[in-house]
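Asks: Got a predicted structure plus its sequence, pasted below:
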Amino acid sequence: MTAGDRADVHIRDAIDSSLNQWDAMAADLAAAWPGIAARIRELNAGYPQGDGADGASFTAQYLAGGGPERFLRDTGELIEEISGSGPLLRATVSNTLTTEQANELGLTRPRLQA
């Protein structure tokens, strides 16, 4: 790719738009999660599987390895990571584009020799 070709490649706007969409999705997910988690807890509290032999067997399997509370905790942590990654991605992309621009300027300027 030559320097002339690079003039036609404009990715900053596309990246900004994509990161804005990511931020909106992450904000919506973070806002919805507490209600979803509360609904799951509410449904579990109703003990719909019953206390018979089949219900007890289901409960033992359902609660194994931390059960739904582990799922809720892990999902909450994942949502926090998703929400926090937008700003990190934005900074990484910005640094990359700035570095690339600086490299191109350094490579196209004639160097002075002592």
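Replies: Here it is on my side, so go on. Numbering: from 1, shown residues only.
Asks: any idea which residue sits dead centre in this protein?
Replies: Residue closest to the mean C-alpha point of the chain, counted by C-alpha atoms, centre = their mean, is Ile82 at 2.5 Å.
Asks: so which strand or helix has that residue?
Replies: Following DSSP states H and E, one finds Ile82 within helix 67-108.
Asks: Off-centre distance for that helix?
Replies: Taking C-alpha atoms, centre = their mean, to the nearest Å, one finds the center of helix 67-108 at 8 Å from the center of the full chain.
Asks: For it, name the packing helices and strands.
Replies: Judged by 3 or more C-beta pairs under 8 Å, 6 or more residues apart in numbering; DSSP states H and E, the packing partners of helix 67-108 are helix 3-6, helix 12-45. Every C-beta, even on glycine, is put in place using the N, C-alpha and C of the backbone.
Asks: With respect to Glu77, which of these lies nearest?
Replies: Closest approach to Glu77 among these is made by helix 12-45 (10.8 Å; C-beta to C-beta).
Asks: which residues sit against the following helix or strand past that closest one?
Replies: Under the assignment DSSP H and E, the closest C-terminal helix or strand after helix 12-45 is helix 53-63. In this structure, residues lying in contact with helix 53-63 by C-beta atoms under 8 Å, 6 or more residues apart in numbering are 47, 49, 68.
Asks: Mind doing that once more with 10 Å?
Replies: Residues outside helix 53-63 that contact it (C-beta atoms under 10 Å, 6 or more residues apart in numbering): 44, 47-52, 67-70.
Asks: average model confidence for stretch 92-101?
Replies: For stretch 92-101, the mean per-residue pLDDT is 84.
Asks: next one: stretch 42-53
Replies: 88.
Asks: Any idea how far apart the tips of that stretch sit?
Replies: One end of stretch 42-53 to the other measures 23 Å (C-alpha to C-alpha, to the nearest Å).
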